[in-house]
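Asks: can't give you the sequence, but here's the structure:
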Ligand SMILES: CCC/C=C/C(=O)SCCNC(=O)CCNC(=O)[C@H](O)C(C)(C)COP(=O)([O-])OP(=O)([O-])OC[C@H]1O[C@@H](n2cnc3c(N)ncnc32)[C@H](O)[C@@H]1OP(=O)([O-])[O-]
Ligand SMILES: NC(=O)C1=CN([C@@H]2O[C@H](COP(=O)(O)OP(=O)(O)OC[C@H]3O[C@@H](n4cnc5c(N)ncnc54)[C@H](OP(=O)(O)O)[C@@H]3O)[C@@H](O)[C@H]2O)C=CC1
């Protein structure tokens, strides 16, 4: 990490999807810079593994198993975090994902599950933590979009639509919350070599995906996490309602298709 030691000393940071991939790497990076963290996701086991790593760095970790598709569980995540730490400085809405399927074959429930996760879940978290941040008079929210938000993406209609909506939500919230001292930004990565993405990508598409990335390789978990760390820090204090794209230039080559036939 190129950030200065102790950068987040005294900060409390809540992260969703913190048990794996980009979320876990970000939580550990922030803890290594002094932050105490509150970790959400559906699976307690992976969250506890992240918590163990955070605690080994001498920082505190609260584990709150949460399905962000459920607004009551999200409210509990926010309340438990505030009760435990007394404040939250930064919320990182990292949890998200999708499955690859042709639009015409998506079931209503499949569409709804992905929109619920990426858009509605992100909104529930922004609302629950945003209310508390506005009350405390400061805060910083970082949402997760994906490179497909701009281009569309065959095989990912549900996710691409939801990610575009997250970008727009970020801009509205940035305007609504700024007077209360809360800024809201968004990161739009891809493709990043997380286990989740490699698992989702059909193996027949691996080489083609790499060839489409101008830098000739996928991004690393650290490369995604370091942009989130930048947005979480005061180095980005005049950024509000912004989308930071971290894709090695991939979008410049147009839409990525994830369909195999
Ligand atoms: C360029 C890079 C772009 C981005 C990369 C990344 O994001 S990398 C990150 C990669 N990481 C991730 O993506 C991780 C997060 N992703 C997930 O957890 C899942 O993809 C999820 C969002 C669908 C939730 O799943 P869940 O099990 O909790 O869902 P549920 O039980 O509530 O079911 C709801 C409906 O969805 C249907 N359905 C579900 N799976 C499939 C499938 N494979 N096939 C077809 N359909 C599927 C299921 O059948 C049901 O419909 P039905 O039968 O009732 O009509
Ligand atoms: N890797 C890439 O190329 C890209 C990734 N992204 C996005 O970055 C984020 C992190 O992805 P990445 O690390 O790659 O992949 P992962 O699959 O490792 O991360 C997804 C995380 O979201 C959590 N999650 C999924 N559903 C829910 C839910 N309903 N409630 C709470 N948590 C949930 C998962 O935890 P659990 O299963 O325990 O709930 C998991 O920790 C995601 O939003 C992803 O879509 C965006 C663009 C590109």
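Replies: Ah, there it is. All values reported here derive from a predicted model rather than from experimental measurement. Ligands and ions are numbered 1, 2, ... in the order given.

Asks: now do the residue in the stretch 101-250 of the chain positioned nearest to ligand 2, the pLDDT please.
Replies: Using Cβ to the nearest ligand atom, the single residue of the stretch 101-250 of the chain nearest to ligand 2 is residue 196, 2.2 Å away. Quick note: C-beta positions are derived from backbone N, CA and C, even for glycine. At residue 196 the predicted local distance difference test score is 96.

Asks: what residues does the stretch 51-200 of the chain have near ligand 2?
Replies: Proximity of the stretch 51-200 of the chain to ligand 2 is assessed by Cβ under 6 Å from any ligand atom, with 66-69, 94-97, 117, 121, 144, 146, 189-192, 194-197 identified as the residues in range.

Asks: all strands for the stretch 101-250 of the chain, in order.
Replies: All strands of the stretch 101-250 of the chain, identified by DSSP state E, counting those that start in this stretch, fall at 139-144, 182-189, 243-246.

Asks: which strands and helices sit next to the shortest one?
Replies: Counting contacts by 3 or more Cβ pairs under 8 Å, 6 or more residues apart in numbering; DSSP states H and E, the secondary-structure elements packed against strand 243-246 are strand 182-189, helix 221-232.

Asks: residues touching it, excluding its own?
Replies: Surrounding strand 243-246, the residues in contact under the criterion Cβ atoms under 8 Å, 6 or more residues apart in numbering are 145, 147, 149, 167, 170, 185-190, 192, 219, 223-224, 227, 231, 251.

Asks: check the offset of that strand from the chain's centre.
Replies: Centroid displacement of strand 243-246 relative to its chain, using Cα atoms, centre = their mean, to the nearest Å, is 12 Å.

Asks: given that strand, what are its sheet partners and their directions?
Replies: Strand pairing for strand 243-246, determined by DSSP bridges: strand 182-189 (parallel).

Asks: is ligand 1 contacted by the strand it pairs with?
Replies: No: with Cβ under 6 Å from any ligand atom as the measure, strand 182-189 is seen stopping short of ligand 1, the closest distance being 7.5 Å.

Asks: contacts for that strand, please.
Replies: Applying Cβ under 8 Å, 6+ apart, the external contacts of strand 182-189 come out as 22, 126, 130, 133-134, 138-147, 149-150, 163, 166-167, 170, 173-174, 177, 219, 224, 227-228, 231, 236-237, 239-247.

Asks: now with 6 Å, please.
Replies: Taking Cβ atoms under 6 Å, 6 or more residues apart in numbering as the criterion, the residues outside strand 182-189 that touch it are 133-134, 139-143, 145, 147, 149, 167, 170, 173-174, 224, 227-228, 231, 239-240, 242-246.

Asks: any idea of the angle that strand forms with helix 221-232?
Replies: 160 degrees (axes from the mean of the first three to the mean of the last three Cα atoms, to 10 degrees).

Asks: what mean pLDDT does strand 182-189 get?
Replies: Averaged across strand 182-189, the pLDDT comes to 98.

Asks: can you classify the residue lying closest to residue 131 once chain neighbours are set aside as helix, strand or coil?
Replies: Closest residue to residue 131 apart from its sequence neighbours, by Cβ to Cβ, 6 or more residues apart in numbering: residue 78 at 8.0 Å. Reducing the assignment to helix, strand or coil with DSSP: H, G, I helix; E, B strand; the rest coil, the entry for residue 78 is helix.

Asks: quick revisit: now a ChimeraX select for only the buried ones of the contacts of strand 182-189.
Replies: One line in ChimeraX is enough to select the buried ones among the contacts of strand 182-189; burial here means 16 or more other Cβ atoms under 10 Å:
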select :133,134,139,140,141,142,143,145,147,149,167,170,173,174,224,227,228,231,240,242,243,244,245,246
